[in-house]
Structures are given as structure tokens and as C-alpha cells.
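[1] I would like to see how this sequence folds:
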Amino acid sequence: MNKIHHLIDGKTVPGTSGRSKPVFNPATGEVTSEVDLASTAEVDSAVQVAEKAYREWRDTSIAKRTSLMYDFRALCIANRDEIARRLTSEHGKVLSDSAGELARGIENIEFACGMSEALKGSLSSNASTGIDVSTIRQPLGVVAGITPFNFPAMIPLWTIPNAIAAGNAFILKPSERDPSTPMFIAELFHEAGFPDGLLNVVNGDKEAVDALLEHELVRAISFVGSTPIARYIYATGTANGKRVQALAGAKNHMVVLPDADINMAADAAVSAGFGSAGERCMAISVVVAVGDSAGPLIEAIKERTDRLVIGDGTDAASEMGPLITEEHRDRVASYIQAGADAGATVVVDGRENTFDGNGFFLGASLIDNVTTDMSVYTDEIFGPVLSVVRVDTFDEAIDMIEKNAWGNGTALFTRDGGAARRFQHEVEAGMVGINVPVPVPVGYHSFGGWNDSFFGDTTMYGPEGLRFYTRPKVTTTRWPDPSTSSVNLGFPTNE
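    The predicted structure follows:
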């Protein structure tokens, strides 16, 4: 049995807690590895090592930091096939999704490579007579990332490059469900030449999370996961005096107006609803069909859903892979029955698909005539279940999104520029797509939702992420005029 340990001070360190957890291949249902679960003492060991590394790293030149970051980027690109293979073997998503995830992560390394520009300070000369005021940004110290199973490559790369390039040290606590990919990325980080102890990986569960939240040397926590856990992370971390950015759950709506290109909208709904088996916080889970768009749109989505190829993610023919665990697969399937029992129309029932072997597969489902009081609408399902809510007007669609507890991402499909502009300005969501179903910002913007989709005040990666991992220091300076000073400064006088 393959054992996955911790990475502390540049070395692979076997766990000492006596606790471990199985890691599955979701396509086969087989246990492929066991991952160590860190104790509080092991987390403390990693933090102490990181604190020591930070004390030296913060004084390393930006030129040196960014040079190493370029080398790290090159190694990620050179090993992208291996990263995608590891990712698919433990998460289950198809290889093209794994490769796309890594590409979006590399964007964030590239942003961090520009740290010499991003960290430039500001100076106000003669803010008052003879007085200059300058602002610089300095690192926080030891910071930590608690990352989810659904993007084991991309989300660590949302956090690590900015934090390290800004001068911090980092503790990564990845999901114990698919730990091989983040561990491999951390190994590439050290291969690039970064100092030992600057990036440490502790695998674990709630004990490791709580140890990070409570440790006095951990200055900031980045988290991505479900809303209940995000709320807990934010409350506990801030109570312990830490900065916290906690990205949470979602119920993303895609509004389709009658003037939209129906084929484009249907393609978008299927790719955004069923890509990565719906296990992503930016997945479209609700299609809001406005007016006459409903009939042709649902028929077009059904046609595409019926021919979706579902299978092992390593098979090039597969378009959707399995879910992460058997328990999650069964939970997602229960929502299909709940929707039917509540009066919705199950147009495509993913439970009817049959698969060989013991993998955690579930077919894609399309449910029509959903109302906002049904659990299939109110709950974050996090699987390949696409609901359709019919409304008569654009106003109803906007109002529906505003009343929903979450506000992560949303999209509008239309040819009407006026409607698009209104939607962009009025809709209650942090990320908006116009004829773009999954509006994940590029690496030089920032990612974060609104309402119950985000806890904190500084979102992730890009410029906002950089601000999260640094703090401003303002210096006000006055030098005596050498012509009036009683101290001989060695300057010529007016005499």
C-alpha cells in the first residue's frame, strides 16, 4: 500500500499520530493509498520550521524570489502530464479537466512572477513642508491554506505563489481525499530551489485544521470549501486574531433570455453543469429559463445530456468522470428522488445509467419545473444535477438570484446589450458571466463571491490575494534643513 506522509522542512516525514485514512480511485472504487493524518504536535512542528524559514526569506530580494518562481512555473509545465494523471487517479475528473485546472493554477504563478511590480510602494514628497510620506507592503509571517478535494492543483496555486513571493512562509493542509497532487506540486516547489521549510504540507483532518486555526504563529488562513465549514473557519480564525479569507458554497444561476442563442446556451449549461461531475463551486446548478426560452432550451440540453460520455477519467473518450466517494454519489442521487417527490419533472435521470465495476459513477440529471422551495434548489448538491426554474420575466430572474442565500457566480445568455449591462450592475453575485457560463477570473484579477459564498473582506489570488498576504507600513520622514541645523551634516551652507 502506497503511504502518503507529510512534507516538513523539505523532507518527507512519516506521520506519528497513528491515524491514517484510505485514498480511493473513484473510477474503480479501489483503495490506492493511505494518507497520514497529522496531530496537533506535528502541525506545531511544521509551523515552527516555517517561522524560522520566514525570518530569513522575508529579507531575500524580490529578484531572487521571482527568479525561483519562474523556475517553479517551468517545472509545473514540464510535469503537467504527471500532475494531471495523479489528479485524475484520485479525484476522478477527466484528464482534459485536470490539465485545464493546472493551466488556471499556473496563471497564478505567472502573476506572482511579477511581484517586483506588484509590491512597488508609494511616496508622497513634501506632503507637508519638508516632510515625505511613503507606504510599503510587508509580509505577515507564517500563513496557511486549507484546500478542498475538487481542485487539488489549482486552489493550492491560488494561494502559495502570492504568499511566498510576497515574503511569507506557507503551511498547506490539502484535502485528505486526494493528497498526491498537492504533495507532488510541493515537491516541485522544492526542486525549483526554494529554501527548506518555506512550504510545508501537513495532511490531516479536523485536528490539523483546528491546530492551524489556534496556533499563535499562524497569521492568516485561506480556505475553500462548504458554507458551514467556511463559517466555522472564519469564526474560529478571527477569534484567534488571524486574517481569514473563507470561500464557501454556491448555487450558481444561469439566466437564459428568449433572444439568446439556444445552442450556445445549451452547450454552456451542459459543460458548466456536468464538467468535473458538477463538483466545483462555479458549476451552474440552476438554469433560469425566461419566457419562451424554456421549451427549446430544455430540449437542447436533454439532447446533449443523453449523449454525454461518462467513464473513467483516463479514457480519452470520457467527458465526465465519477464522483469523489460512494457516500457523496449516493447523497447526490437522493436529490433526484427528492425533486421528483416534490413535484418536479425528471427529464433525464442519471440513476438509470449503468456502469461496470465498483466506481463511484452517477449519470447526469436534468430536472424541469423546479421551484425555489424544493431541496433540489435550496441545497448545494455538488454533483451532476441541473435544475430548471421557469420564470416569465427578466425581473423575476434577477429577484430570484437576489433572494438566494449564496452569491458566488452567475451568468446571463442574451444578445441584448442593455439587458446584459443591467444584469452586470444589479445581480447579487461576486463573479458575473455574460454569455460565459463559468466566469472564473483570470489570474491577474481576483476570485470571490458575495453573501454566504464568502467570509472575509479580501478575496483570493490576483491583486486582492496579494493584499491579503501583506500589510501596509507607512513612514513619515522629516530631515532637518542643513542650512538651519546646528549639527554639521557636511553639506554646504548659504554663507
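[2] for the helix or strand hosting residue 233, which positions count as buried?
    Element membership of residue 233, judged by DSSP states H and E, is helix 227-239. Going by neighbour count (16 or more other Cβ atoms under 10 Å), the buried part of helix 227-239 is 227, 229, 230, 232, 233, 234, 236, 237, 238. Any C-beta I mention is one placed from the backbone N, CA and C, and that applies to glycine too.
[3] which ones are touching residue 186?
    Residues near residue 186 by Cβ atoms under 8 Å, 6 or more residues apart in numbering: 7, 172, 199, 201.
[4] Below-threshold pLDDT in the stretch 51-200 of the chain: ranges please.
    Along the stretch 51-200 of the chain, no part satisfies pLDDT under 70.
[5] All the helices of it, residue numbers only.
    Along the stretch 51-200 of the chain, the segments classed as helices by DSSP state H, counting those that start in this stretch run 62-78, 80-91, 95-112, 115-118, 154-165, 180-191.
[6] Turn these into TSV, columns for distance to residue 392.
    TSV is the format used below for the helices of the stretch 51-200 of the chain (distance: least, Cβ to Cβ, whole Å):
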stretch	distance to residue 392
helix 62-78	49
helix 80-91	40
helix 95-112	36
helix 115-118	47
helix 154-165	39
helix 180-191	46
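[7] out of these, which comes closest to residue 217?
    Nearest to residue 217, of all those, is helix 154-165, at 14.8 Å by Cβ to Cβ.
[8] hey, C-alpha coordinates of the closest one in CSV?
    Presented in CSV, the C-alpha positions along helix 154-165 are these (Å, rounded to 0.1, in the frame of the first residue of the first chain):
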residue,chain,number,x,y,z
MET,A,154,-5.5,24.8,-8.8
ILE,A,155,-6.5,26.1,-5.4
PRO,A,156,-3.1,25.5,-3.7
LEU,A,157,-1.7,27.5,-6.6
TRP,A,158,-4.3,30.3,-5.9
THR,A,159,-2.5,30.8,-2.6
ILE,A,160,1.1,29.6,-2.5
PRO,A,161,2.7,31.7,-5.2
ASN,A,162,1.4,35.1,-4.0
ALA,A,163,2.1,34.3,-0.3
ILE,A,164,5.6,33.1,-1.0
ALA,A,165,6.6,35.8,-3.5
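[9] what's the angle between that helix and helix 80-91?
    For helix 154-165 against helix 80-91, the angle by axes from the mean of the first three to the mean of the last three Cα atoms, to 10 degrees is 130 degrees.
[10] Walk me through the domains of this structure.
    For the chain, automatic domain parsing gives the domain ranges 2-248+453-476, 252-434.
[11] Tell me which of the ones you listed lies nearest to residue 445.
    Between the domains of the chain, domain 2-248+453-476 lies closest to residue 445; by Cβ to Cβ that is 5.0 Å.
[12] re earlier: hey, which of the helices of the stretch 51-200 of the chain is tucked in deepest?
    Among those, ranked by average contacts under mean count of other Cβ atoms under 10 Å, first place goes to helix 154-165 (a mean of 28).
[13] ok, now which ones touch the residue nearest in space to the middle of the chain?
    When Cα atoms, centre = their mean is applied to the chain, the residue found nearest the centroid is residue 155 (4.3 Å). Contacts for residue 155 (Cβ under 8 Å, 6+ apart) come out as 105, 145, 147, 148, 224.
[14] If we use 6 Å, what do you get?
    By Cβ atoms under 6 Å, 6 or more residues apart in numbering, residue 155 lies in contact with 147, 224.
[15] With residue 409 instead?
    Going by Cβ under 6 Å, 6+ apart, residue 409 touches 252, 282, 429, 431, 439.
[16] That one and residue 378, how far apart?
    18 Å (Cβ to Cβ, to the nearest Å).
[17] ok, which pair from the contacts of residue 409 is furthest apart?
    Maximum distance among those (Cβ to Cβ): 10.7 Å, for 282 and 429.
[18] Compare neighbour counts for those two and give me the winner.
    The neighbour count for residue 282 versus residue 429, taken as other Cβ atoms under 10 Å, is higher for residue 429 (25 against 21).
[19] and that one, that one's in a helix?
    No: when classified by DSSP: H, G, I helix; E, B strand; the rest coil, residue 429 is found to be coil rather than part of a helix.
[20] any low-confidence regions in the stretch 201-350 of the chain?
    If you take pLDDT under 70 as the line, the stretch 201-350 of the chain has no such spans.
[21] Tell me which stretches of it form helices.
    Under the criterion DSSP H, counting those that start in this stretch, the stretch 201-350 of the chain contains helices at 206-214, 227-239, 262-274, 294-306, 326-341.
[22] who does the fourth one touch, helix- and strand-wise?
    Think helix 294-306. Other helices and strands packing on helix 294-306, by 3 or more Cβ pairs under 6 Å, 6 or more residues apart in numbering; DSSP states H and E, are helix 262-274, strand 345-348, strand 365-368.
[23] Can you add distance to residue 95 and give the contacts of residue 409 back as a markdown table?
    Supplementary listing: the contacts of residue 409 in a markdown table, determined by distance: Cβ to Cβ, whole Å:
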| residue | distance to residue 95 |
| --- | --- |
| 252 | 25 |
| 282 | 20 |
| 429 | 31 |
| 431 | 26 |
| 439 | 24 |
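[24] and which of those is nearest to residue 305?
    Ranked by distance to residue 305 (Cβ to Cβ), the contacts of residue 409 are led by residue 252 at 17.9 Å.
[25] one step back: please work out which of the helices of the stretch 201-350 of the chain is packed deepest.
    Comparing the helices of the stretch 201-350 of the chain by mean neighbour count (mean count of other Cβ under 10 Å), helix 262-274 ranks first with a mean of 22.
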